[in-house]
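Asker: Predicted model, plus sequence, below.
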Amino acid sequence: MGHAWSAYVTNRDTAPDLYNLPTFDPLYGFPEGRQERVMVATQEEMMKAQVPLDRRDYCAHLYIAWQRCRRDNFPNVFACKHSKPEYDQCEYEDFVMRMKEYEREKRLLARAKRKRLREEKEQLQD
C-alpha cells in the first residue's frame, strides 16, 4: 500500500514509469562504467524449450536446465533438487537488481525535480 500511495497519489512526478525504459543514462554516475547484463539463452533456445513468456528473463537458461532435468528424471523429480535453488537464487538476484534500478530512477527523478525547483526559485529572485 505504501508504494501505491507514494507512486500514484503523493509523488506522481518522481515515481518511475514501470512500463517504459529508464529516462536517465544507465552509465550516469558510474565513472568506470557498468557490467552489462547478457542473456545466456537465445530466443531460439527458449522457443525450442517452450519457455513461458513470463519466464523469459536473464535466468531462462537455468529454467531450461531445471525443466530438462525434470523431464529426463521424470518420476524421480527429486533428483533435480540441485537445479531449483540455482534458478530461485538467480530470480532473486534479478529481482534485487530491478528494484535497485527502480530506486535509482526514483532518486534521479527526485534530484532532477529539486534542481528544477531551485533554478525556478533563482529565476524568480533575479
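Answerer: Happy to help now that I have it. Numbers count the residues shown, from 1 in each chain.
Asker: what's around the residue nearest to residue 15 when sequence neighbours are not counted, how many residues?
Answerer: Sequence neighbours aside, residue 7 is the residue nearest to residue 15 in space, at 3.9 Å (criterion: CB to CB, 6 or more residues apart in numbering). Bear in mind the C-beta positions are built from the backbone N, C-alpha and C, glycine included. Using other CB atoms under 10 Å, residue 7 is surrounded by 16 other residues.
Asker: so residue 7 touches residue 17, yeah?
Answerer: No. Contact status for residue 7 versus residue 17: not in contact, 9.8 Å apart, counting by CB atoms under 8 Å.
Asker: what about the helices in this structure?
Answerer: Counting by DSSP state H, one finds helices in the chain at the ranges 2-5, 43-48, 60-72, 83-125.
Asker: export those to TSV and tack on mean neighbour count, distance to residue 37 and mean pLDDT?
Answerer: Output for these, formatted as TSV (neighbours: other CB atoms under 10 Å; distance: least, CB to CB, whole Å; pLDDT from 0 to 100):
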stretch	mean neighbour count	distance to residue 37	mean pLDDT
helix 2-5	8	24	71
helix 43-48	12	16	96
helix 60-72	17	13	95
helix 83-125	13	8	93
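Asker: So for residue 36, which of these sits nearest?
Answerer: Among the helices of the chain, the nearest to residue 36 by CB to CB is helix 83-125 (12.3 Å).
Asker: How far does the closest one sit from its chain's centre?
Answerer: Chain-centre distance of helix 83-125: 11 Å, with CA atoms, centre = their mean, to the nearest Å.
Asker: Report the angle between it and helix 60-72.
Answerer: Here helix 83-125 points in a direction 160 degrees away from that of helix 60-72 (axes from the mean of the first three to the mean of the last three CA atoms, to 10 degrees).
Asker: Thanks a lot, catch you later.
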